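Enquirer: sequence and predicted model, in that order:
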Protein chains: 2
Amino acid sequence: MKHKPLILVSNDDGITSRGIRLLVETMSEIGEVVVVAPNSPQSGMGHAITIGNTLRLDSNAIFDKIVAYECSGTPADCIKLAKHYVLKNRVPDLVVSGINHGSNSSISVLYSGTMSAAIEAALEGLPAIGFSLCDHNPNAEIEHCKSIIKQIALQVLKTPLAKGTALNVNIPAYSNQSIKGIKICRQAIARWQENFEERFDPNGRRYFWMAGDFENSDKGLDTDESALAENYVSVVPCTYDLTAHHVITQLNSEWSIL
Amino acid sequence: MKHKPLILVSNDDGITSRGIRLLVETMSEIGEVVVVAPNSPQSGMGHAITIGNTLRLDSNAIFDKIVAYECSGTPADCIKLAKHYVLKNRVPDLVVSGINHGSNSSISVLYSGTMSAAIEAALEGLPAIGFSLCDHNPNAEIEHCKSIIKQIALQVLKTPLAKGTALNVNIPAYSNQSIKGIKICRQAIARWQENFEERFDPNGRRYFWMAGDFENSDKGLDTDESALAENYVSVVPCTYDLTAHHVITQLNSEWSIL
């Protein structure tokens, strides 16, 4: 790499979170960093975008000597504004999102704002990585992520990702056992078993809190869940092509209405 | 089919939209209908869910003789609440979402609240279809969708979908040319070329409106865009497995950090 790489950083926990601070710090050791991140937490926003409403974008001096903007929209909005307004004709060499406070493995990728920023970048043809720490505690030990995210970012800068691919990287929570390594995985086919807790407000009107348990029935040893359970970092290459290609032939042969 | 099928209906334009009214009317001719839909428009919400906030769910008498609930959350929230609270132990034979006012073909599937309801149902192991009309005009002619959605719903009830599959059905806007038929397609690989219009509010503070043009560079004749351009109804089977399986081998062979 001859020039200093340009790295765009976003996240879904908001520009003031500890995760993005560590990510910005680490990426600054590799290249020139520009930050465009939500001005408030956007967890669970999936691939939402702001339509039928206005967007705010304001510069923010939270990171020393780094160009940063906070945006009123979703993570996907941040990437769109970064590409088409903040960076204009400059094309980032890498887009990174995170570090998310909480796992985005398995089907959580669908609900994840962190990964929607990465997938939006992949849609724009940019190499992209979403980083998540498998610990929801906002005060969790996070420093152990630093060497891992640096290694993976440098690898992606060295060996280009297939066009349209975004990596979903999940890092085990800190423990006294050292992380065993990095594994390329597929997304485990699991589900959330929701549980809605019914409560009543002071006016007697009903409301709900969504809660739930993660249920992994996928026994494959090549999944992200399996890697994380073994204390490996999981890396799942993700696409934005949702087509179930294997089902096309089946429908073409079985449907009488075609 | 021996019993009267149970059909769960949702959407993203909200419970009062014209699209869901036609969908409820049509599904009532096929089976027993239960509606759980957002109480306000949720367009562009992607696969967002409500976490860290409460949800409201109230019964609604908008549809004559049909059990219906309006929910304060996203389309994905509606499906979760329907499955785990409204229907409890009853398992729907089919989940339908829409009819969306506006196309959800190609990559719009990622941003679509209509399709996130269908994909959430697929995650729950339920057969699911999202219907969209390729016309954003809220007053657009919509009656021509009726026979198409009925045909497709009956076909899915007759020939079970592969587990975990949700169909993304897009119906051409009404014109004086009759629709040529139904085609099974793959998602076109296209993108939105965004354009952010900068404005200033009465206090002199900057804000943006997102706009953009759809750019389809995918010349394949097997895509949804191609089918719609030829005046066919497009049907794309969708999965919630985002893994780019073809990239796994590449990363395993090229990465030195593994």
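Expert: Done, it's in.

Enquirer: if we go by neighbour counts, what in the helix of greatest length in chain A is buried?
Expert: Taking DSSP state H as the criterion, chain A has its longest helix at helix A:145-158. Within helix A:145-158, the residues scored as buried using 16 or more other Cβ atoms under 10 Å in any protein chain shown are A:Cys145, A:Ile148, A:Ile149, A:Ile152, A:Ala153, A:Leu154, A:Gln155, A:Val156, A:Leu157. The way it works is simple: take the backbone N, C-alpha and C, and place the C-beta from them, glycine included.

Enquirer: near chain B, from those residues?
Expert: Residues of the buried residues of helix A:145-158 in contact with chain B (Cβ under 8 Å from any Cβ of the partner chain): A:Ile152, A:Gln155.

Enquirer: need the buried residues of helix A:145-158 in a markdown table (columns: distance to A:Leu228 and pLDDT).
Expert: As requested, those are exported to a markdown table (distance: Cβ to Cβ, whole Å; pLDDT from 0 to 100):
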| residue | distance to A:Leu228 | pLDDT |
| --- | --- | --- |
| A:Cys145 | 14 | 97 |
| A:Ile148 | 13 | 97 |
| A:Ile149 | 16 | 98 |
| A:Ile152 | 15 | 98 |
| A:Ala153 | 20 | 98 |
| A:Leu154 | 22 | 98 |
| A:Gln155 | 19 | 98 |
| A:Val156 | 20 | 98 |
| A:Leu157 | 25 | 97 |
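
Enquirer: quick one: which of the buried residues of helix A:145-158 is nearest to B:Lys80?
Expert: A:Cys145 (30.7 Å; Cβ to Cβ).

Enquirer: in contact with that closest one, which residues?
Expert: A:Leu22, A:Ile99, A:Phe131, A:Leu133, A:Ile171 (Cβ atoms under 8 Å, 6 or more residues apart in numbering or on different chains).

Enquirer: among these, which lie within helices?
Expert: A:Leu22.

Enquirer: out of the contacts of A:Cys145, which sit inside strands?
Expert: A:Ile99, A:Phe131, A:Leu133, A:Ile171 (DSSP state E).

Enquirer: number of residues surrounding the first one?
Expert: If I follow you right, that is A:Ile99. 27 (other Cβ atoms under 10 Å in any protein chain shown).

Enquirer: equivalent analysis for the last one, please.
Expert: As a burial measure, the neighbour count of A:Ile171 was computed by other Cβ under 10 Å and equals 26.

Enquirer: just the third one next, same as before
Expert: Close neighbours of A:Leu133, defined as other Cβ under 10 Å, add up to 29.

Enquirer: can you map out the helices along the stretch 101-250 of chain A?
Expert: Ranges of helices in the stretch 101-250 of chain A, per DSSP state H, counting those that start in this stretch, are A:108-111, A:113-123, A:145-158, A:224-229, A:245-254.

Enquirer: follow-up on the earlier one: and the ones in strands among the contacts of A:Cys145, which is closest to chain B?
Expert: Closest to chain B out of the ones in strands among the contacts of A:Cys145 is A:Ile171 (13.7 Å), distances taken as Cβ to the nearest Cβ.

Enquirer: distance-wise, check that closest one relative to A:Lys65.
Expert: 27 Å (Cβ to Cβ, to the nearest Å).

Enquirer: could you do A:Leu81 as well?
Expert: 22 Å.

Enquirer: same check on A:Val33?
Expert: For A:Val33 relative to A:Lys65 (Cβ to Cβ), the value is 9 Å.

Enquirer: so those two - more neighbours on which side?
Expert: Set side by side, A:Val33 and A:Lys65 show more neighbours around A:Val33, with 24 against 7, by other Cβ under 10 Å.

Enquirer: please identify the helix or strand for that one.
Expert: Element membership of A:Val33, judged by DSSP states H and E, is strand A:32-38.

Enquirer: and the next element down the chain from that strand?
Expert: Heading C-terminal from strand A:32-38 (DSSP H and E), you reach strand A:57-59.

Enquirer: tell me the mean pLDDT for that next one?
Expert: The average pLDDT within strand A:57-59 is 94.

Enquirer: who touches the helix or strand following it?
Expert: Later in the chain than strand A:57-59, the nearest helix or strand by DSSP H and E is strand A:67-71. Contact with strand A:67-71 is made by A:15, A:24, A:33-39, A:55-62, A:77-78, A:81-82, A:86, as judged by Cβ under 8 Å, 6+ apart.

Enquirer: which of these are buried?
Expert: Counted by 16+ other Cβ under 10 Å, the contacts of strand A:67-71 give A:15, A:24, A:33-39, A:55-57, A:60, A:77-78, A:81-82, A:86 as buried.

Enquirer: once you drop chain neighbours, what's closest to A:Val35?
Expert: A:Ala68 (3.8 Å; Cβ to Cβ, 6 or more residues apart in numbering or on different chains).

Enquirer: from A:Tyr232, how far off is the one you found?
Expert: Distance from A:Ala68 to A:Tyr232, by Cβ to Cβ: 33 Å.

Enquirer: list the pairing partners of the strand holding A:Val33 within its sheet, with orientation.
Expert: Note on strand A:32-38: by DSSP bridges, its sheet partners are strand A:6-10 (parallel), strand A:67-71 (parallel).

Enquirer: B:Gln193 is nearest to which of those?
Expert: It's strand A:6-10; of the strands paired with strand A:32-38, that one is closest to B:Gln193 (Cβ to Cβ) at 18.0 Å.

Enquirer: just the C-alpha atoms of that closest one, please, in CSV.
Expert: This file holds the C-alpha atoms of strand A:6-10, laid out as CSV (Å, rounded to 0.1, in the frame of the first residue of the first chain):
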residue,chain,number,x,y,z
LEU,A,6,-8.5,6.4,4.2
ILE,A,7,-10.7,4.7,6.7
LEU,A,8,-14.3,5.6,7.4
VAL,A,9,-15.5,4.7,10.9
SER,A,10,-19.2,4.4,12.0
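
Enquirer: quick one: contacts of that strand?
Expert: So strand A:6-10 is contacted by A:20, A:23-24, A:27, A:30-38, A:75, A:78-79, A:82, A:87, A:90-97, A:117, A:121, A:126, A:153 (Cβ under 8 Å, 6+ apart).

Enquirer: that strand vs helix A:145-158, what angle?
Expert: Per axes from the mean of the first three to the mean of the last three Cα atoms, to 10 degrees, the angle that strand A:6-10 makes with helix A:145-158 is 130 degrees.

Enquirer: pLDDT (mean, whole number) over strand A:6-10?
Expert: 98.

Enquirer: now stretch A:222-241
Expert: So the average pLDDT for stretch A:222-241 ends up being 97.

Enquirer: next: stretch A:166-177.
Expert: In the prediction, stretch A:166-177 has an average pLDDT of 96.

Enquirer: and that stretch, which residues are buried?
Expert: A:Ala166, A:Leu167, A:Asn168, A:Val169, A:Asn170, A:Ile171, A:Pro172, A:Ala173, A:Tyr174.
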